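>>> sharing a model that was predicted from the sequence below.
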Amino acid sequence: MGMTYVIVALAALTAGAVQTVTGLGAAVIMMLVLPRIFGVVTAPAVSTSICVALSGALAWKFRKKTNFKMIALPIVVFGVCGIVIINLIKSLDLHLIGILFGVFLIALSVYNLALSAKASLRPTKPVILVSSAVSGTFSGLFSIGGPMMALCLLPCSDDHEQYLGNMQTLFIVTNIINIIARITNGLYTADLLPYTLVGMAFILAGKEFGIRFAKKLNIEVIKKVIYVFVGISGAITLVENIF
């Protein structure tokens, strides 16, 4: 039990630091670790609840730059798709979820290692709707909904601070919606609260650590190392759930 708290704390600390330094999703880091402890169904609930602290802190920091009109529709679509998926999770086969998670991690790794620098989406209304729906679906399944939203919100933001404000405000609202849905479906229970509180404290500590050392680190190298591990973790998860 004590070791579980240590692992959650270290994962959250790393997630907070990496998110602050590189802009990568903290949920990606959390979901490399938490499924090994809580399982592939419960882990997203813990990850989402912990990430609320970081998203809330960053949303507040960039609140003056946030364009609420720009993210109103994505929040609605993202939130609805997340709720629908969360309501379906209990009826899905655990091995199927595991296989999907493994494939998702491998795809995420390949995208970030080979394609992310070249990828962008023209932020038309249909593109925003589809991106929000896909992001909400993957957020509901795996607590990871950032990549597709970044593709459509980054091009239409005036600057990087507005992009951060838009993304983090979207995440804090949709994460709270997802947590409520997970609670009502019995996927987040009271016994998980202590792990959440520990994770919240350490993810905020990681944010401060990242702010202090961001200028001293090679961001691109860190990104590549992280997504190599994401790919390896995805391959291991896929093999474990197939055989």
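Structure received. Residues are numbered from 1 along each chain as shown.
>>> and stretch 160-169, which residues are buried?
Gln162, Tyr163, Leu164, Gly165, Asn166, Met167, Gln168, Thr169 (16 or more other Cβ atoms under 10 Å). No exception for glycine: its C-beta is placed from N, CA and C like everyone else's.
>>> and the first one, what helix or strand is that in?
Taking DSSP states H and E as the definition, Gln162 sits inside helix 160-184.
>>> counting by contacts, list what the helix or strand following that helix packs against.
The first helix or strand that comes after helix 160-184 along the chain, using DSSP H and E, is helix 193-213. On a contact count with 3 or more Cβ pairs under 8 Å, 6 or more residues apart in numbering; DSSP states H and E, helix 193-213 meets helix 2-22, helix 26-61.
>>> before we move on, back to that, which one of the buried residues of stretch 160-169 is nearest to Leu129?
Asn166 (16.2 Å; Cβ to Cβ).
>>> just checking, that closest one touches Ser157?
Yes - applying Cβ atoms under 8 Å as the test, Asn166 and Ser157 come out as touching, 6.0 Å apart.
>>> hey, what's in contact with both of the two?
Listed as contacting both Asn166 and Ser157 by Cβ atoms under 8 Å, 6 or more residues apart in numbering are Asn67, Met70.
>>> hmm, Tyr111 and Pro147 touching each other?
Yes - counting by Cβ under 8 Å, Tyr111 is a contact partner of Pro147 at 6.8 Å.
>>> look at these two and report which has more neighbours.
The residue with more neighbours, out of Pro147 and Tyr111 and counting by other Cβ atoms under 10 Å, is Pro147; that gives 20 against 15.
>>> have a look at this structure and report the helix or strand with the lowest mean pLDDT.
One helix or strand of the chain scores below all others by mean pLDDT, DSSP states H and E: helix 146-156, with a mean of 79.
>>> neighbouring contacts of that helix?
In contact with helix 146-156 (Cβ under 8 Å, 6+ apart) are residues 25, 27-28, 70-71, 74, 78, 108, 111-112, 119-123, 127-128, 131-132, 134-135, 138, 163, 166-167, 170-171.
>>> what residues of it count as buried?
Buried residues in helix 146-156, counted by 16+ other Cβ under 10 Å: Gly146, Pro147, Met148, Met149, Ala150, Leu151, Cys152, Leu153, Leu154, Cys156.
>>> what would the residues you listed look like in JSON lines with distance to Arg182?
Shown next, in JSON lines, are the buried residues of helix 146-156 (distance: Cβ to Cβ, whole Å):
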{"residue": "Gly146", "distance to Arg182": "18"}
{"residue": "Pro147", "distance to Arg182": "21"}
{"residue": "Met148", "distance to Arg182": "21"}
{"residue": "Met149", "distance to Arg182": "20"}
{"residue": "Ala150", "distance to Arg182": "24"}
{"residue": "Leu151", "distance to Arg182": "26"}
{"residue": "Cys152", "distance to Arg182": "26"}
{"residue": "Leu153", "distance to Arg182": "24"}
{"residue": "Leu154", "distance to Arg182": "28"}
{"residue": "Cys156", "distance to Arg182": "30"}
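>>> which one of those is nearest to Tyr227?
Pro147 (11.1 Å).
>>> what are the C-alpha coordinates of stretch 186-203, in CSV please?
Output of stretch 186-203 as CSV, limited to C-alpha atoms (Å, rounded to 0.1, in the frame of the first residue of the first chain):
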residue,chain,number,x,y,z
GLY,A,186,-18.8,3.4,-10.0
LEU,A,187,-15.4,3.9,-11.8
TYR,A,188,-14.1,6.4,-9.2
THR,A,189,-14.8,5.4,-5.6
ALA,A,190,-13.9,6.9,-2.2
ASP,A,191,-10.9,4.5,-1.7
LEU,A,192,-9.2,6.2,-4.6
LEU,A,193,-9.4,9.7,-3.1
PRO,A,194,-6.2,9.4,-1.0
TYR,A,195,-4.2,8.5,-4.1
THR,A,196,-5.7,11.4,-5.9
LEU,A,197,-4.8,13.9,-3.2
VAL,A,198,-1.2,12.6,-3.1
GLY,A,199,-1.0,12.8,-6.9
MET,A,200,-2.4,16.3,-6.9
ALA,A,201,0.2,17.5,-4.4
PHE,A,202,3.0,16.0,-6.4
ILE,A,203,1.9,17.0,-9.8
